[in-house]
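Participant: Sequence first, then the predicted structure, then my questions.
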Amino acid sequence: MTMTATLTRRQFSKSAGALVIAFSLAPRFASGQVASLPGSLANNRMLEAWLRINVDGSATIFAGKVELGQGILTALQQIAAEELDLPLARVAMISGDTARTPDEGWTAGSQSIEYGGTAIRLACAEARALLLDQAAKRLNSAADTLGVADGVVSGPDGRRVGYGELAGAVDLQREVTAKVAPKPPARHTIVGHSIPRHDIPAKVTGGAAYVQDIRMPGMAHGRVVRPPRYGAKLESVNESAARGLAGVISVVRDGSFLGVVAEREEQAIKARTALVASAKWSGGTEMPDPDRLFDYLMALPTQTSVVSEKQAMVPDGAKTLEATYTRPFQAHASIGPSCAVAEFKDSKLTVWTHSQGVFPLKRDLVKALRMDASAVRCIHVEGSGCYGHNGADDVALDAALLARAAGRPVRLQWMRDDEFAWEPYGSAMLARAKASLDASGRIINWNYEVWSNTHLTRPSAPGTDNNLLASWYLADPSTPGPAVNIPQPAGGSDRNAVPLYDFPNQRIVNHLITAMPMRVSALRTLGAYANVFALESFMDELAAAAGQDPVAFRLAHMKDPRARAVIEAVAKKAGWKDGGKGDGARGRGIAFAKYKNLSVYVAVVAEIEVDRGTGTIRVPRVFAVTDAGQIINPDGLTNQIEGGIIQSASWTLHEAVRFDRNGITSRDWSSYPILTMPEVPKVEVELIDQPNEKSLGAGEGSQGPAVAAIANAFAHATGTRLRDLPFNRKRVRTALG
Amino acid sequence: MAISLKVNGARHSVPTEPDTPLLYVLRNDLALNGAKFGCGLAQCGACTVLIDGRTTRSCTTEIGSIGDAEITTIEGLGTIEKPHPLQQAFIDEQAAQCGYCINGMIMAAKDLLDRNPRPTEHEVREGLATNLCRCGTHGRIIRAVLRAAQMIGKT
């Protein structure tokens, strides 16, 4: 992979020579307050931060949001090309570089289209207007008489001028006003179309596509040696034996952080094996009894908050139901272990990383390495899919520590057991639901409490000393950040704990468990997967108690017209028939969620088959209907919804992090099995386009509905309810007696 | 010591020990990006290559054991300008999210189609049963392999 020259944004603007650099800042309000701007413009207000018009008439877009395999850079490119009236091929994307791009925080929470897309759309619309103003002067015509096609402006008399000729006279070093209206959706020719992703051809032909593919002159290979359990201290290790192995450049020990750098990758791996064998560790955290995990978690200290409460005078219910649902610790389990390349040159550090947030990563790297912020640069390069906060950030610090010690650029990829045992997991959760039905079968009281560890220990999370793994093990250690919950309306543990249904009484309580036996952080959907599982399972249990069809029962409690539309559409698509029981082996279930109660609407119907002898659940077919507002790329959206359903089916049927009292025992794919090709459902997705509604992030929309639809299908098939994830063979056999 | 290998039709001499897993030689000595490190345990399939036409996990195959056998990597199938029908079918079906597993999927599919040119969907699923995908792109991968079989059948 070719390394780009080290240039800051400002230097780049100057060297490109395309833009006049002037020092005119847009006026601020006299009070010192600044007008709020939409999306990611709020924290990145300068137009030049977002784009550059090049002398050849092409555009370069600078995005703080990064490609994680979700196709975001293609979607953002579509938005930019649409607003600029440029062909896609003439819009280049640069993303996630602390020296060049806006700081948009983490690429997380299904917010890249909503925040990054909004910023790029408004910035490009404004840049186009500035280009048209210049063109109007050149062509002696009013701006509103001009036409634009493919970056060429035409006047009423047929004279033409290209963006490249205008660029030098347009000053983008100004604040975005966000007052230039973007193109009306009816005029879109690029947005709303299934533009093929530009990253895929390289990915299927062995092109350089990943941080793993970086090769640099003088680059050496690193590996790290982690303790056998959380918090263990390195007492001794035979460093000299490892140093004597072929190719070893340095053995790096700082407190209980241990790593090795070698000329060749296999030499680093052999030296790691030798260090593992000779390292003596002491202490560390004792793990909970895996058979009594929830008893253990429920006895830990909590911070309790009421996140939603509604009180109306209603008569006592005719029927009251209670149920408890659990979800274990689950792993991101990326196919490719985390990787980074670090280089120290002239006292400056550059890290190539697949972090979801190069700016927050940089802040924690600066602290851990005791460096000046101006001396550290992080550049995003895609890695294996992460699905949240995996080892990506941690390996960046590991690589930097090794590169600093070795005096060479170092490429470090974690081994499989490093990733499984040390990534921060999605938290185990327990939810208790209690609700009453009146005589007519309407829900009149709804009580819901959820217990969970935090879902946010990313670098630079609020109140954090340092959240990078190695920083806790150095001789001068940092401490991990405190347990925090992301507040409503998005919520963290309580994400989607508040029903979108309309109940006269409800009380939703979040218990944030502040002590953390396992390392935890953001796994795709945060708490929503478990909460939608509980909420939508419980809706089916109540529907059964009311003697009503699950689809009709949901619609009877749902006012939101877009929610009703996806529920009705998926029922129709799946050929849903009212009532009836499964035949003991086959069944179907429905579930719905509006992700975060703020984002995409997804309704899912799952069909399942149960082998009562082996306890195996098969999910042959899943239907989904999605309303994500204005669709930027229909195939990209479909891909996200399909992927979310299949990943959720894997979590649901198979996945739980294994451990014993001494540590994590899920260390490879046999001890952390996931869904395989023969088991994967056929997924049919239907999209409801809403060109005049705002785009809603979709990467995390289908996982919650998918788990609950499978749970509901199992109950429909067998008459037995599964309330503890995962639904593995042992659980199913036990449930069916 | 140096070991001689035949990769994508060309002979290479690599300066390393015979117990070196093929994967690191392909990636680091020959600068071939296709095969990926996923587990180092022959469990996930990301490192799959063909040796004499049969799928092989390069992460656990020692180079000293290969001898004169023909090693084919995904770079040996086609190029970005002139893709193999399997590669073209994966592009046509947009059969990737992160794409990290796709090398293994395509190489396993190549072996499958060479032995069974018109597989059923069930046979494709079974043929790729030991290749793991985490993004949930399986449906598209299956469609891409079936599409490639049709494309190859027509030529």
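Facilitator: Here it is on my side, so go on. Numbers count the residues shown, from 1 in each chain, chains lettered A, B, ... in the order given.

Participant: How is chain B partitioned into domains?
Facilitator: For chain B, automatic domain parsing gives the domain ranges B:3-76, B:85-154.

Participant: Out of the ones you listed, which is the most enclosed?
Facilitator: The highest average neighbour count among those, using mean count of other C-beta atoms under 10 Å in any protein chain shown, belongs to domain B:85-154 at a mean of 22. (C-beta placed from N, C-alpha, C; glycine too.)

Participant: could you check whether it is close to chain A?
Facilitator: Yes. Domain B:85-154 reaches chain A (C-beta under 8 Å from any C-beta of the partner chain) through B:87, B:90-91, B:94, B:96-103, B:106, B:125-126, B:128-142.

Participant: picking up where we left off before, adding mean pLDDT and distance to residue A:572, write the domains of chain B out as TSV.
Facilitator: Output for those, formatted as TSV (pLDDT from 0 to 100; distance: least, C-beta to C-beta, whole Å):
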stretch	mean pLDDT	distance to residue A:572
domain B:3-76	97	38
domain B:85-154	98	21
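
Participant: which residues does the residue nearest to the spatial centre of chain B contact?
Facilitator: By C-alpha atoms, centre = their mean, chain B has its centre lying nearest to residue B:107, at 2.8 Å. When contacts are counted by C-beta atoms under 8 Å, 6 or more residues apart in numbering or on different chains, residue B:107 is found next to B:48, B:49, B:50, B:55, B:72, B:73, B:74.

Participant: Same check on residue A:43?
Facilitator: By C-beta under 8 Å, 6+ apart, the residues touching residue A:43 are A:102, A:103, A:104.

Participant: now, which of the residues you listed lie within strands?
Facilitator: Among the contacts of residue A:43, no residue falls in strands (DSSP state E).

Participant: Nearest to chain B among those?
Facilitator: Chain B lies nearest to residue A:104 out of these, by C-beta to the nearest C-beta, at 20.0 Å.

Participant: For that closest one, give me its contacts.
Facilitator: Residue A:104 touches A:40, A:43, A:44, A:63, A:64, A:65, A:115, A:116, A:119, counting by C-beta under 8 Å, 6+ apart.

Participant: Most proximal residue of the stretch 251-400 of chain A with respect to chain B?
Facilitator: Proximity of the stretch 251-400 of chain A to chain B (C-beta to the nearest C-beta) peaks at residue A:385, 3.3 Å away.

Participant: Name the SS class of the residue nearest to that residue when sequence neighbours are not counted, please.
Facilitator: Excluding the flanking residues, the one nearest residue A:385 by C-beta to C-beta, 6 or more residues apart in numbering or on different chains is residue B:98, at 3.3 Å. Under DSSP: H, G, I helix; E, B strand; the rest coil, the three-state class of residue B:98 is coil.

Participant: what number of residues lie near the closest residue to residue A:497 other than its chain neighbours?
Facilitator: Leaving aside its sequence neighbours, residue A:497 sits nearest to residue A:531 (C-beta to C-beta, 6+ apart; 4.5 Å). Residue A:531 has 30 neighbours, counted by other C-beta atoms under 10 Å in any protein chain shown.

Participant: I figured residue A:531 hits residue A:494, correct?
Facilitator: Yes. Residue A:531 is within contact range of residue A:494, at 7.1 Å (criterion: C-beta atoms under 8 Å).

Participant: and for the two, which residues touch both?
Facilitator: Each of residue A:450 lies in contact with both residue A:531 and residue A:494 under the rule C-beta under 8 Å, 6+ apart.

Participant: just to revisit the earlier point, identify whichever of the domains of chain B lies nearest to residue A:460.
Facilitator: Ranking the domains of chain B by proximity to residue A:460 (C-beta to C-beta) places domain B:85-154 first, at 24.2 Å.

Participant: that older thread, who wins for proximity to residue A:124 among the domains of chain B?
Facilitator: Residue A:124 sits nearest to domain B:85-154 of all these, at 25.0 Å, using C-beta to C-beta.

Participant: pretty sure residue B:112 is touching residue B:119, no?
Facilitator: Yes. The pair formed by residue B:112 and residue B:119 meets the contact definition of C-beta under 8 Å, at 6.1 Å.

Participant: shared neighbours, the two?
Facilitator: Residues touching both residue B:112 and residue B:119 (C-beta under 8 Å, 6+ apart): B:127, B:145.

Participant: what about residue A:266, distance to residue A:258?
Facilitator: With distances taken as C-beta to C-beta, to the nearest Å, residue A:266 is found 19 Å from residue A:258.

Participant: And the two? Which one has more around it.
Facilitator: Per other C-beta under 10 Å, whichever of residue A:266 and residue A:258 has more neighbours is residue A:258, with 25 against 21.

Participant: now that one: how far from residue B:118?
Facilitator: Distance of residue A:258 to residue B:118, computed by C-beta to C-beta: 53 Å.

Participant: Likewise for residue A:87?
Facilitator: 39 Å.

Participant: Please work out the residue of the stretch 401-550 of chain A nearest to chain B and name it.
Facilitator: Nearest residue of the stretch 401-550 of chain A to chain B: residue A:416, at 4.3 Å (C-beta to the nearest C-beta).

Participant: which non-adjacent residue is nearest that residue?
Facilitator: Nearest to residue A:416 is residue B:39, by C-beta to C-beta, 6+ apart, at 4.3 Å.

Participant: Residue A:573 now?
Facilitator: Counting by C-beta to C-beta, 6+ apart, residue A:623 is the residue found nearest to residue A:573 once chain neighbours are left out, at 4.9 Å.

Participant: wait, that neighbour sits on residue A:604?
Facilitator: Yes. Under the criterion of C-beta under 8 Å, residue A:623 makes contact with residue A:604 at 6.9 Å.

Participant: Pick out whichever of those two has more residues nearby.
Facilitator: Neighbour count, other C-beta under 10 Å: between residue A:623 and residue A:604, residue A:604 has more, with 36 against 27.
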